Structure formats: structure tokens, C-alpha cells
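Trainee: How does the following fold in three dimensions:
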Amino acid sequence: MAAVAGNMLSGAERGELACIYAAMILHDGGAGIEAEAIAAMVKAAGGSVDAHVPLLFARALRGKDVGKMLETLGSPGAGGAGGAA
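Mentor: Numbers count the residues shown, from 1 in each chain. A predicted model of the protein is given here:
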């Protein structure tokens, strides 16, 4: 999505992106990644999302090492473009 302008995203895509950012902010702040907190952050930022979406994100991240996930996503070999063969 990084190559797509925000105004080109559908409402659902913007909501999902807002939930992702909210989850990362909660993790960075040392807070629990709970559906209510995600929804509150999205609302505070002026966004909106269907009520079930923050719940899905919270459930998907429950018990996961979010810090490790973020490290892995940013490392070579994590599914991004590889080097020359």
C-alpha cells in the first residue's frame, strides 16, 4: 500500500491501515493491543472503521511477539525483494 496515495484507498483499506498503525503505536507505548484501544485510537485520529475490524486485529495479534514480527518484516529475506541471484 505504500505506493498508493491515501485518497486512492477504499474506506475499508483506510480502516485496516489505521488499525495497523494503532496497533504499532500501542505496542511501541507498551500498552496492550486490545480492540477497544485500537478503536479509540482510530476515532481519536479522526478515522472510522467497522466495529469488528479492531477486534479482528486484536485477536490476530493476541499472544504474538509484535516486536519480533516488526523486526522480521524489516529484515532481508522476509518476503521483500531479494538480491541478484
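
Trainee: drop to CA atoms for contacts and neighbour counts, all remaining ones
Mentor: OK.

Trainee: How far off centre is stretch 10-22?
Mentor: Distance, stretch centre to chain centre, for stretch 10-22: 7 Å (CA atoms, centre = their mean, to the nearest Å).

Trainee: ditto for stretch 28-42
Mentor: Distance of stretch 28-42 from the chain centroid (CA atoms, centre = their mean) equals 11 Å.

Trainee: Quick check: end-to-end length of it?
Mentor: Start-to-end span of stretch 28-42 (CA to CA, to the nearest Å) is 16 Å.

Trainee: Over to stretch 43-60?
Mentor: Taking CA to CA, the first and last residues of stretch 43-60 lie 20 Å apart.

Trainee: So what touches it?
Mentor: Under the criterion CA atoms under 8 Å, 6 or more residues apart in numbering, residues 12, 15-16, 18-20, 23, 33-36, 38-39, 42 lie in contact with stretch 43-60.

Trainee: Buried residues, it. List them.
Mentor: Residues of stretch 43-60 classed as buried by neighbour count (16 or more other CA atoms under 10 Å): 48-49, 53-55, 57-58.

Trainee: go on, stretch 22-35?
Mentor: In stretch 22-35, counting by 16+ other CA under 10 Å, buried: 22-24, 26, 33-35.
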